[in-house]
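Next input, structure requested:
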Amino acid sequence: MNDAKEHPDKFQIFVNGQHKTWGGKTITYTEVVNLAFPSHGADEMFAVMYTHGQNNSKGTLVDGQEVNVTNGMRFDVHRSNKS
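Numbers count the residues shown, from 1 in each chain. Below you'll find the model as predicted:
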C-alpha cells in the first residue's frame with residue numbers, strides 16, 4: 001500500500017473481498033458495480049454497501065451516487081431483484 005502514499009490520487013480498495021487500485025478521489029455506484037461484475041447485463045440491479053470510508057463511515061450507494069474514496073475502503077456488491 002506504499003504506492004498510495006507516493007501517488008495521492010491512487011487508493012487501495014476492496015470490492016467483494018478483492019484488492020483493487022482506484023485512481024480517483026471519488027467512485028460512483030456504476031464504477032463500483034463495473035469493478036465487481038465487469039460483464040454484467042444492462043438490466044441487472046445491484047445493492048452496493050461500503051465500509052471504512054472517510055471518518056470510518058459506512059453506507060449504501062444507489063445509481064447516480066458517488067462517495068469519497070479512502071485507502072482500505074471496502075465495497076460489497078450483490079445482485080438484487082429489487083428496483
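
Show me where the chain dips below the pLDDT cut-off.
Scanning the chain for pLDDT under 70 picks out the ranges 1-8, 82-83.

change it to 80
1-9, 81-83 (pLDDT under 80).

helix, strand or coil for the residue sitting nearest the centre point of it?
Among the residues of the chain, the one closest to the centroid is residue 32, at 4.0 Å (CA atoms, centre = their mean). With DSSP: H, G, I helix; E, B strand; the rest coil as the basis, residue 32 sits in helix.

Settle this for me: it is touching residue 75, isn't it.
Yes. If you go by CB atoms under 8 Å, residue 32 and residue 75 touch, sitting 5.1 Å apart. No exception for glycine: its C-beta is placed from N, CA and C like everyone else's.

shared neighbours, those two?
Common neighbours of residue 32 and residue 75 (criterion: CB atoms under 8 Å, 6 or more residues apart in numbering): 15, 48, 50.

out of everything not next to it in sequence, what's closest to the second one?
Looking back up the chat, that one is residue 48. residue 61 (4.3 Å; CB to CB, 6 or more residues apart in numbering).

what's the neighbour count on that neighbour?
22 (other CB atoms under 10 Å).

show me the residues around it that make contact.
28-29, 32, 48-50, 67.

quick one: the strands in the chain?
Along the chain, the segments classed as strands by DSSP state E run 11-15, 18-22, 26-28, 45-51, 59-61, 66-68, 74-80.

Against which helices or strands is the second one packed?
In other words, strand 18-22. strand 11-15 (3 or more CB pairs under 8 Å, 6 or more residues apart in numbering; DSSP states H and E).

what lines up beside the strand it packs on in the sheet?
strand 18-22 (antiparallel), strand 74-80 (parallel) (DSSP bridges).

Columns mean neighbour count and distance to residue 40 on top of those, output as a markdown table?
Shown next, in a markdown table, are these (neighbours: other CB atoms under 10 Å; distance: least, CB to CB, whole Å):
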| stretch | mean neighbour count | distance to residue 40 |
| --- | --- | --- |
| strand 18-22 | 14 | 15 |
| strand 74-80 | 16 | 8 |
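
Just put those in TSV and tack on distance to residue 42.
Formatted as TSV, those follow (distance: least, CB to CB, whole Å):
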stretch	distance to residue 42
strand 18-22	22
strand 74-80	13
